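Engineer: need a structure here:
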Amino acid sequence: MRTVFLCSLFLGLAGLLLGADDPFAGTWKFNVAKSKPAPAQAGMAIKEQTSVIEESSDQATVTLKGTRENGSAISTKYTVLRNGGPISYSEGGPPAGVSVASKRINDRTVDFITTRDGKEVSTTHITVNSNGKTMRLATHGTDARGKPVHSTAVFEKQ
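Structural biologist: All right, here's what the predicted structure looks like:
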């Protein structure tokens, strides 16, 4: 499982528990200068990325589009229930055996737990600041080789 995939995934996951005035709803742009990526395969780090989170009755649709440093495209789309639960991918899903569960902590905080073959491998703590303009994703866990992964991704509301 690639660290790049996790960063991309978690940006979009931040919007899964939406309400009319939910601070996660809207369009978010990755700020590479303020982020600290985990070591990744050469060229696989995010160069640019935008996430659009659209609400509907009891679920959110999240669309991620962007480019990696090596020029390859990032394209993921999924739906998720506002109260959490399994993610239904229509494009760019995770590798086989990987799943993500969510838990809303409060209005501005969501945690995501990633499992691989039933074993927890990482947690991402996502917060939107009090003015609603910055979202921070702090990920801690292990990569597919069992090495520690620690990264921080910063996104700004558009």
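Engineer: when you work out contacts or count neighbours from here on, use the C-alpha atoms and nothing else.
Structural biologist: Noted.
Engineer: pretty sure Arg116 sits against Val98.
Structural biologist: Yes: in this structure, Arg116 is within contact of Val98 by C-alpha atoms under 8 Å, at 4.4 Å.
Engineer: how far away is Thr142 from Gly118?
Structural biologist: Distance check for Thr142 against Gly118: by C-alpha to C-alpha, to the nearest Å, it reads 14 Å.
Engineer: let me redo that: Ser57
Structural biologist: 30 Å.
Engineer: for Glu55, same thing?
Structural biologist: With C-alpha to C-alpha as the criterion, Glu55 and Gly118 are 30 Å apart.
Engineer: between those two, which is the more surrounded one?
Structural biologist: For Glu55 and Gly118, the more surrounded residue by other C-alpha atoms under 10 Å is Glu55, and the numbers stand at 21 against 10.
Engineer: what bridges to Trp28?
Structural biologist: Ser51, Lys157 (DSSP bridges).
Engineer: which residue sits closest to Gly92, ignoring its sequence neighbours?
Structural biologist: Closest residue to Gly92 apart from its sequence neighbours, by C-alpha to C-alpha, 6 or more residues apart in numbering: Thr76 at 4.4 Å.
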